[in-house]
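Asker: sequence first, predicted model second:
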Amino acid sequence: MPIESIHNTLQDLKKTLARHNYAYYVLDTPEMSDAQYDLLYQQLLQTEKAHPELITADSPSQRVGDQPLGHFQSVKHAVPMFSLENAFIQDDLVDFERKVNDKLVAEKVTEELPIAYAAEPKMDGLAINIRYESGKLVQAATRGDGSVGEDVTHNIRTIRSVPLELLGEGWPSVLEVRGEIFMSKAVFNQLNEISLQKAEKPFANPRNAAAGTLRQLDPKIASQRQLSLYLYGWGEISNDWSLPALYHKTIEQFKVWGLPTNPDAKVVYGAKGMADYYDQLQAKRKDLPYEIDGIVYKVDVLAYHSKLGFTTKAPRWAIARKFPAEEVWTELLDIEIQVGRTGALTPVARLRPVNVAGVMVANATLHNMDEIERKDVRIGDTVIVRRAGDVIPEVVGPVLSKREASSVRLFNMPSRCPECDSAVIKEHDKAVYRCTGGLFCPAQRKRALQHFVSRKAFDIQGLGDKLINQLADLNMVHHPDDLFSLTIESLSGLDRMAEKSAFKVISAIQAAKETTLARFIYALGIPEVGEVTAKHLANHFITLDNIQSADKDALLDVSDVGEIVAENIVTFFQQPHNQEVINGLIAAGIHWPTPQAQNRAIDSPFAGKVVVLTGSLMQISREDAKQLLEGLGAKVTGSVSAKTDYVIAGEKAGSKLTKAESLGIPVLSEQEWIEMSGVTNG
């Protein structure tokens, strides 16, 4: 057979299979049996196998995918992908409609009320932008941060409801369509059954399953998991096609070109129409073949969109009405502690597994000890569990009617960290309990390392977050002192780390051994000890030994150190694990020149005085004034208290001046302070 005839046969097969996919997945009206489809598909495969030079990207055979990707590429959206404002009650929709009407009136738009809105289910999935050029699918990207997403074209091509080439004719040369990638309930249940049979961890819900599938580097995995798509909008469209006047007509045109749209979408009128549609969809929510978490309403007349405009985050012509949180009862089996990246201890409820809003929930947050006490939640209670959208499930409270008379509170926050056995402290005036083993605690490892190498700390070039995470995940680095034991050989064996790059990183690590005491203190990550406080500590105590041995009273003599900071410093250096890491750093060769002690004028009227600066100074900058006062022996603080000796008030002084006057603290004008200091102006 001539090659031209074979090419024509392939084109006919592709068009027939594309029409069937459209009828089956988009129209839900199959035109042939599965057996007939399989026969045509096999004919396509055999023809392409015999003539591989005729295989094109829009062939149905290419949906299975090729070789796995090494990593995801970033994609900058031609048109940003905005989020939507949320409405939680009907009054929010009434308020939304009022704002729309008021804005259109102000723009002198004449429109018969009520306004028409295109309404559609809010799919519980992932937003996607799919780009067609000359009718062919060329790129698909996730929403990302709204401006930049990830290229997932390889996985989008595997979705049978997504045409590889647009049907019909008349489409623009560039068309970006936007929609929601989701996994149907039936496919999700089947996927989890297979996972359980393989003794693998099941997915928590269809959204997580869809997200996990879309982020697979191997498209063959995505092909097996049968994702779906419904469109809800568009991005860039070339000027060779004119948009219809109405939003819903535009979506209908996309459907004509073979793109899948939600069959439950409809046009409604005014706040009452929005409310009626909400009630109808909520009533059938459990029977839908997919998960939804609300409804989206958009002004139907596209010309009004430009009149209504955008806020910094969302369009003013659209809103999402969220469904209320679903609540269930289950048994609280235990309360365990999780240690976060910052060392904060969070109590977590271990529950008898229960389905909440379509998700099997076995754990829920209890927030903190104050919340446990306020709600009077006890181990063994029957508790109310709530999940709203993507929010982490939480324990609302106990069902007191189900509580045993003999029930007693069995839970208290631990005094030692369950991860590293360091002391646990409760932060002043906060509900947070925190592990004090910041340099040692495994739960805080990555954050501690990232802070240690940051620009204002040891400033180690080349040790970015990705490399730090990799080193921690491979257990090559546990604590900051381990960084100085790394070698070119150990680094060059890592992914995307050649010998030249490894040499640069090791050189930077070695160069960082020469630092300053202030940088060293800051790098330790002591809670509330920032760059300025670290500098004050170094200048005041001169040596590391002096800082480590200082008690609370001695620390309070340091400028910028208050009660809480002093306690944090004492507690930090009291932890044996932290001392181990510090000793390891010194043993690794970390060193610094001795800071020069600041000369303080002992005969100054400000020597030993606590001074607060407030308002705008006209003759000297605030920073220069602060340094000058410290040179005169003053301790400059940021808040007024009974311990304050002077307040220096510049122009437009506010609450600090008021408080000083109420406490009877001497207040000096800028000129009075300068004269007292004996400073020559100019």
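Answerer: That came through, no problem.
Asker: other residues contacting the top helix by length along the chain?
Answerer: Identified as the longest helix of the chain according to DSSP state H is helix 3-21. With contact meaning C-beta atoms under 8 Å, 6 or more residues apart in numbering, helix 3-21 is reached by 1, 30-32, 37, 40-41, 43-44, 47-48, 51, 54, 58-60, 160-161, 163-165, 167, 258. The way it works is simple: take the backbone N, C-alpha and C, and place the C-beta from them, glycine included.
Asker: and the gap between the most centrally placed residue in the chain and residue 463?
Answerer: With distances taken as C-alpha atoms, centre = their mean, residue 145 lies nearest the centre of the chain, 9.2 Å away. Using C-beta to C-beta, to the nearest Å, residue 145 is found at 24 Å from residue 463.
Asker: also residue 242?
Answerer: For residue 242 relative to residue 463 (C-beta to C-beta), the value is 53 Å.
Asker: average pLDDT for stretch 229-239?
Answerer: Averaged over stretch 229-239, pLDDT sits at 95.
Asker: need the residues that contact that stretch.
Answerer: Contact with stretch 229-239 is made by 77-79, 81, 120, 123, 128-129, 131, 156, 159, 161-162, 172-182, 243, 250-251, 254, 259-262, 296, as judged by C-beta under 8 Å, 6+ apart.
Asker: among those, which are located in strands?
Answerer: 120, 123, 128-129, 131, 174-182, 296 (DSSP state E).
Asker: could you find the closest non-adjacent residue to residue 477?
Answerer: Once flanking residues are discounted, residue 477 sits nearest to residue 471: 4.3 Å by C-beta to C-beta, 6 or more residues apart in numbering.
Asker: show me what contacts that neighbour?
Answerer: Counting by C-beta under 8 Å, 6+ apart, residue 471 makes contact with 449, 477, 486, 494.
Asker: phi, psi of the closest residue to residue 124 other than its chain neighbours?
Answerer: The shortest distance from residue 124 to any non-neighbouring residue, by C-beta to C-beta, 6+ apart, is to residue 291 (4.1 Å). Note on residue 291: backbone dihedrals following degrees, to the nearest 10 are phi -90, psi 140.
Asker: measure how buried residue 291 is and give me the count.
Answerer: Using other C-beta atoms under 10 Å, residue 291 has 22 other residues around it.
Asker: residue 232 belongs to a strand, doesn't it?
Answerer: Yes. Assessed by DSSP: H, G, I helix; E, B strand; the rest coil, residue 232 belongs to a strand.
Asker: re earlier: state the distance from the residue nearest to residue 124 to residue 406.
Answerer: Residue 291 is 41 Å from residue 406, by C-beta to C-beta.
Asker: now residue 463
Answerer: Distance, residue 463 to residue 406, using C-beta to C-beta: 56 Å.
Asker: what does residue 299 give?
Answerer: 60 Å.
Asker: kindly report the same for residue 354.
Answerer: 25 Å.
Asker: please identify which of these two sits among more neighbours.
Answerer: Each of residue 354 and residue 406 has its neighbours counted (other C-beta under 10 Å); residue 354 has more, 16 against 6.
Asker: before we move on, back to that, what subset of the contacts of stretch 229-239 is buried?
Answerer: Neighbour counting with 16 or more other C-beta atoms under 10 Å marks 77, 81, 120, 123, 128-129, 131, 156, 159, 161-162, 172, 174-182, 250-251, 254, 259-262, 296 as buried within the contacts of stretch 229-239.
Asker: burial of residue 397, as a residue count?
Answerer: Residue 397, neighbours per other C-beta under 10 Å, totals 16.
Asker: that one bridge partners, please.
Answerer: Beta-bridge pairing of residue 397 under DSSP bridges involves residue 384.
Asker: hang on, isn't it packed against residue 373?
Answerer: No. Taking contacts as C-beta atoms under 8 Å, residue 397 lies outside contact range of residue 373: 11.9 Å.
Asker: pull out the buried positions in stretch 518-536.
Answerer: Neighbour count says stretch 518-536 has 518-527, 529, 533-536 buried, by 16+ other C-beta under 10 Å.
Asker: hmm, I typed the wrong one, I wanted stretch 411-421.
Answerer: 411, 417, 419-421.
Asker: coming back round to it: show the buried residues in the contacts of helix 3-21.
Answerer: Looks like the contacts of helix 3-21 have 32, 37, 40-41, 44, 47-48, 58-60, 160-161, 163-165, 167, 258 buried, using 16+ other C-beta under 10 Å.
Asker: so how far is residue 342 from residue 434?
Answerer: 7 Å.
Asker: whoops, I mixed them up, residue 256
Answerer: Distance, residue 256 to residue 342, by C-beta to C-beta: 53 Å.
Asker: got the buried residues for stretch 253-272?
Answerer: So for stretch 253-272, counting by 16+ other C-beta under 10 Å, buried means 253-255, 257-262, 264-265, 268, 270-271.
Asker: nearest to residue 561 among the residues you listed?
Answerer: Proximity of the buried residues of stretch 253-272 to residue 561 (C-beta to C-beta) peaks at residue 271, which lies at 56.9 Å.
Asker: name the element that closest one belongs to?
Answerer: Following DSSP states H and E, one finds residue 271 within helix 270-284.
Asker: pLDDT on that helix, on average?
Answerer: On average, helix 270-284 scores 93.
Asker: returning to what we had before: determine which two of the buried residues of stretch 411-421 are furthest apart.
Answerer: Farthest apart among the buried residues of stretch 411-421 - using C-beta to C-beta - are 411 and 420, which lie 21.0 Å from each other.
Asker: which residues of the stretch 201-350 of the chain fall in helices?
Answerer: Ranges of helices within the stretch 201-350 of the chain are 206-214, 219-225, 247-256, 270-284, 303-308, based on DSSP state H, counting those that start in this stretch.
Asker: tell me which other helices or strands the shortest one touches.
Answerer: Spelled out, that is helix 303-308. Counting contacts by 3 or more C-beta pairs under 8 Å, 6 or more residues apart in numbering; DSSP states H and E, helix 303-308 packs against helix 90-106.
Asker: pLDDT (mean, whole number) over stretch 492-504?
Answerer: Stretch 492-504 comes out with an average pLDDT of 88.
Asker: kindly report the same for stretch 595-615.
Answerer: The average pLDDT for stretch 595-615 rounds to 76.
Asker: for stretch 11-30, same thing?
Answerer: So the average pLDDT for stretch 11-30 ends up being 76.
Asker: chain center to stretch 565-572, what's the gap?
Answerer: Relative to its parent chain, stretch 565-572 has a centroid offset of 31 Å by C-alpha atoms, centre = their mean, to the nearest Å.
Asker: give me the mean pLDDT for it.
Answerer: If you average the pLDDT values across stretch 565-572, you get 92.
Asker: that stretch: which residues count as buried?
Answerer: 565-569, 571-572.
Asker: again, but for stretch 127-141
Answerer: Buried residues in stretch 127-141, counted by 16+ other C-beta under 10 Å: 127-132, 135, 137, 139-141.
Asker: stretch 226-236 too?
Answerer: Within stretch 226-236, the residues scored as buried using 16+ other C-beta under 10 Å are 226-235.
Asker: so which residues of the stretch 301-450 of the chain form strands?
Answerer: Along the stretch 301-450 of the chain, the segments classed as strands by DSSP state E, counting those that start in this stretch run 318-322, 326-339, 344-356, 359-365, 382-387, 394-398, 424-426, 433-435.
Asker: pick the most deeply packed of these.
Answerer: Across these, averaging neighbours per residue (mean count of other C-beta atoms under 10 Å) puts strand 433-435 on top, at a mean of 25.
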